[in-house]
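Chemist: only geometry, no sequence info:
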DNA sequence: CGCTATTTTTGGAACGTTACAAAACAGGCG
DNA sequence: CGCCTGTTTTGTAACGTTCCAAAAATAGCG
């Protein structure tokens, strides 16, 4: 009874299939299929027999074949604009996590901000039959390109970067409020000339954050001068450049709101190199609260948006549209909170020191 | 002749298939298949007609279906132990790049050093029929687990972390020589008490790098004292901890070889906080040359292993075993080079300053 | 035991593609 | 015109699942 019918269920090196299992356990392939999906239509005894055969044979389920019939795959496309940016890496991890939790598996594409590459990978993902796509669009992606590449039949959620007029859901942090809080904090510390450093105006994210910066300034009755915005690559090197031009300007700022943390890191570094002590002589705040921020010299005051969780939301949001429930076009804007560390000078300021 | 037979090739919302194209262009599905794969068995005129239909219909190729027949998929599993570590993110980008170049698409899994998760994702990847797997094994993965989860029928290459006695190919940097060069550099700068900071002895990488550290010391006639090795998590926080215990020891080291760059960054930070100036009072070197290293305070002297390219090699190496050519078990050890910046104190030393 | 009701099991047709052998066509030549 | 030689095209059987209608087995009961 419990001795095996067949020592080795299948002869050749050929992969074991559902029909091998059927043969080995003396039932039809339909029954095996039933067992596989845990249907309780099958008698306990039969199930046991089949499960035993599965166990012994090293059978492995072929999702590709199943999808063909069911026409719904467990694959989800995850398109990331720049994975070497620690912020996006964290976002990706958040997405990936939520996906696995739900039994989906991500196909990864790192577009590296290249729109041509982005088109290619979108097509490739469609060929692989992804159930949906989560993507942070490459810089400068336009709505028309997206709609051309992604028919509305394929569930899509955009994350971190909005694409104006595109018909897709969006999940991202509240950039405007975040930047506003950060700027306000600097103002409360006594700063009046506050520059915005980094990013390009082709990125909605930068636009949003500049809005927030402007909001805070205007609330305090300070005019937001265009000259105080310095664009640059959103990288450490970009930050260094940006602050160099900012410090070269006639009316120097006493504080800097940076596009993101890596820019801010570049900024603090470049300042230090020029004998200006961030957090003491000058205030700097970042955005994103990446792992590095805490260990920077000085530790970065920044805006935390709970990136990991935001990634999770993006994935959940995708499931929303996959399961047809939620409408395609919906936005989730995550709340942000200011994390005060040392780069803004709060510690020194509270000790009585005043900024110029 | 050039007017369309059907305005809209397919009626319902049903996805367009090869047979819709066949019908629309008045040929058999075999011919369409031929056109799709660019066979020159088909007459130019026919090809044009078919291609036109494909164009107009928005047909998209179903790789899943094709794989079922061909039983070879364009999917490759990419298992990364910790994507939030910038080093691994860069490695992943390198792998991804090479994969796309060859028309393969990566399924991503971030195991987060969790072996249970690793087993799960390996199974899941097999179910999706990946053509092969590139993976940096989770900490503490044993050969027996791997061979249980990955029959040798599935092409696999391990990267960055060896698993002793496992039958798989391995691609990684020359950890030993790299660490040896870094240590030697510190010795040449006049250091004699050089500690090794970070990582755990359960990681082959740490073992290899410690070997290199020991090699350099012994070459210089210095005994490598076990007390000079301080283990810690391979993170920034781990680096801070490690250097704290190292500095608390009776015979303090004057220089630190760190397990990797993020540890080194933690180390420089903690030292600075205690009034000890890395690169002036004390030497620090890292390993990996991540993007951050250059922008650290002070910029990190470190060992560059060309991570991006190494990732590419891992992928290429996988193709080697996929295409049956190369034997399963082969190693590629990439060369490393020392990048001298400021954290080791080379600049000051050359200016005449001597270390204690 | 025969009958119905219920629980289990099962053939076989899909799903969208490829590969192969065979059929159809076209051109040249005796 | 018939035949031969390419050149194109095609029908059909896979590939490994799921789903459905229908068959088979079992149970309950008078």
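Modeler: On my side now, so go ahead. What you see is a predicted model, and the numbers here were worked out from it, not measured in a lab. Numbering: from 1, shown residues only, chains lettered A, B, ... in the order given.

Chemist: what sits against the residue most central in space within chain A?
Modeler: By CA atoms, centre = their mean, chain A has its centre lying nearest to residue A:91, at 3.1 Å. Residues in contact with residue A:91, defined by CB atoms under 8 Å, 6 or more residues apart in numbering or on different chains, are A:80, A:136, A:159-160, A:307-308, A:310-311, A:314. Glycine gets a C-beta too; all of them are placed from N, C-alpha and C.

Chemist: Would you list the buried entries among these?
Modeler: A:80, A:136, A:159-160, A:307-308, A:310-311, A:314 (16 or more other CB atoms under 10 Å in any protein chain shown).

Chemist: In CSV: the residues you listed, plus secondary structure, distance to DNA strand D and pLDDT.
Modeler: As requested, the buried ones among the contacts of residue A:91 are exported to CSV (DSSP: H, G, I helix; E, B strand; the rest coil; distance: CB to the nearest atom of the strand, whole Å; pLDDT from 0 to 100):
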residue, secondary structure, distance to DNA strand D, pLDDT
A:80, strand, 31, 98
A:136, coil, 33, 97
A:159, strand, 31, 97
A:160, coil, 35, 96
A:307, helix, 36, 98
A:308, helix, 33, 97
A:310, helix, 33, 97
A:311, helix, 30, 98
A:314, helix, 28, 97
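
Chemist: and which of these is nearest to residue B:175?
Modeler: Closest approach between the buried ones among the contacts of residue A:91 and residue B:175, by CB to CB: residue A:80, at 28.7 Å.

Chemist: contacting residues around the closest one?
Modeler: A:88, A:91-92, A:108-111, A:135-136.

Chemist: can you give me the strands in chain A?
Modeler: Counting by DSSP state E, chain A has these strands, from start to end: A:75-80, A:105-110, A:132-135, A:156-159, A:169-173, A:194-197, A:229-230, A:255-258, A:283-285, A:302-304, A:331-334, A:337-339.

Chemist: Can you say which of these is packed in most?
Modeler: A comparison of those by mean neighbour count, using mean count of other CB atoms under 10 Å in any protein chain shown, puts strand A:255-258 on top with a mean of 31.

Chemist: Tell me the strands beside it, with direction?
Modeler: Note on strand A:255-258: by DSSP bridges, its sheet partners are strand A:194-197 (parallel), strand A:283-285 (parallel).

Chemist: Now that residue A:255 has come up, it's in contact with residue A:190, right?
Modeler: No. If you go by CB atoms under 8 Å, residue A:255 and residue A:190 don't touch, sitting 9.1 Å apart.

Chemist: Identify the residues contacting the nearest residue to residue A:28 once chain neighbours are set aside.
Modeler: Leaving out its chain neighbours, the residue that sits closest to residue A:28 by CB to CB, 6 or more residues apart in numbering or on different chains is residue A:22, at 5.7 Å. Counting by CB under 8 Å, 6+ apart, residue A:22 touches A:28-29, A:31-32.

Chemist: Next one, pLDDT for the residue in the stretch 201-350 of chain A positioned nearest to DNA strand D please.
Modeler: In the stretch 201-350 of chain A, the residue that lies nearest DNA strand D is residue A:323 (15.4 Å; CB to the nearest atom of the strand). pLDDT, residue A:323: 86.

Chemist: Please list all residues in contact with it.
Modeler: Contacts of residue A:323 by CB under 8 Å, 6+ apart: none found.

Chemist: now it: how far from DNA strand C?
Modeler: According to CB to the nearest atom of the strand, to the nearest Å, residue A:323 and DNA strand C sit 21 Å apart.

Chemist: Is it correct that residue A:31 is in contact with residue A:45?
Modeler: No. The criterion here is CB under 8 Å, and residue A:31 misses it with residue A:45 at 11.9 Å.

Chemist: before we move on, the earlier item: how close does the residue nearest to residue A:28 get to DNA strand C?
Modeler: 7 Å.

Chemist: go on, residue A:122?
Modeler: 17 Å.

Chemist: what does the stretch 101-250 of chain A have sitting close to chain B?
Modeler: A:105-110, A:112, A:117, A:120-121, A:123-129, A:151, A:153, A:236-237, A:240 (CB under 8 Å from any CB of the partner chain).

Chemist: what about 7 Å?
Modeler: Residues of the stretch 101-250 of chain A found near chain B (CB under 7 Å from any CB of the partner chain) are A:105-108, A:110, A:124, A:126-129, A:236.

Chemist: As JSON lines, the residues you listed with distance to DNA strand D and pLDDT would be great.
Modeler: Listed next are these as JSON lines, based on distance: CB to the nearest atom of the strand, whole Å; pLDDT from 0 to 100:
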{"residue": "A:105", "distance to DNA strand D": "16", "pLDDT": "97"}
{"residue": "A:106", "distance to DNA strand D": "22", "pLDDT": "98"}
{"residue": "A:107", "distance to DNA strand D": "21", "pLDDT": "98"}
{"residue": "A:108", "distance to DNA strand D": "25", "pLDDT": "98"}
{"residue": "A:110", "distance to DNA strand D": "31", "pLDDT": "98"}
{"residue": "A:124", "distance to DNA strand D": "21", "pLDDT": "97"}
{"residue": "A:126", "distance to DNA strand D": "20", "pLDDT": "96"}
{"residue": "A:127", "distance to DNA strand D": "16", "pLDDT": "96"}
{"residue": "A:128", "distance to DNA strand D": "16", "pLDDT": "97"}
{"residue": "A:129", "distance to DNA strand D": "13", "pLDDT": "96"}
{"residue": "A:236", "distance to DNA strand D": "49", "pLDDT": "97"}
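
Chemist: Restricting to the residues you listed, which residues neighbour DNA strand C?
Modeler: Checked against DNA strand C using CB under 7 Å from any atom of the strand, those yield no neighbours at all.

Chemist: among those, which two are most distant?
Modeler: The most widely separated members of these are A:129 and A:236, with 38.9 Å between them, by CB to CB.

Chemist: Please read off the pLDDT at the residue nearest to residue A:117 when sequence neighbours are not counted from the model.
Modeler: Distance criterion CB to CB, 6+ apart; nearest residue to residue A:117, sequence neighbours excluded, is residue A:111 at 4.9 Å. Looking at residue A:111, its pLDDT is 98.

Chemist: pretty sure residue A:111 contacts residue A:138?
Modeler: Yes. If you go by CB atoms under 7 Å, residue A:111 and residue A:138 touch, sitting 4.7 Å apart.
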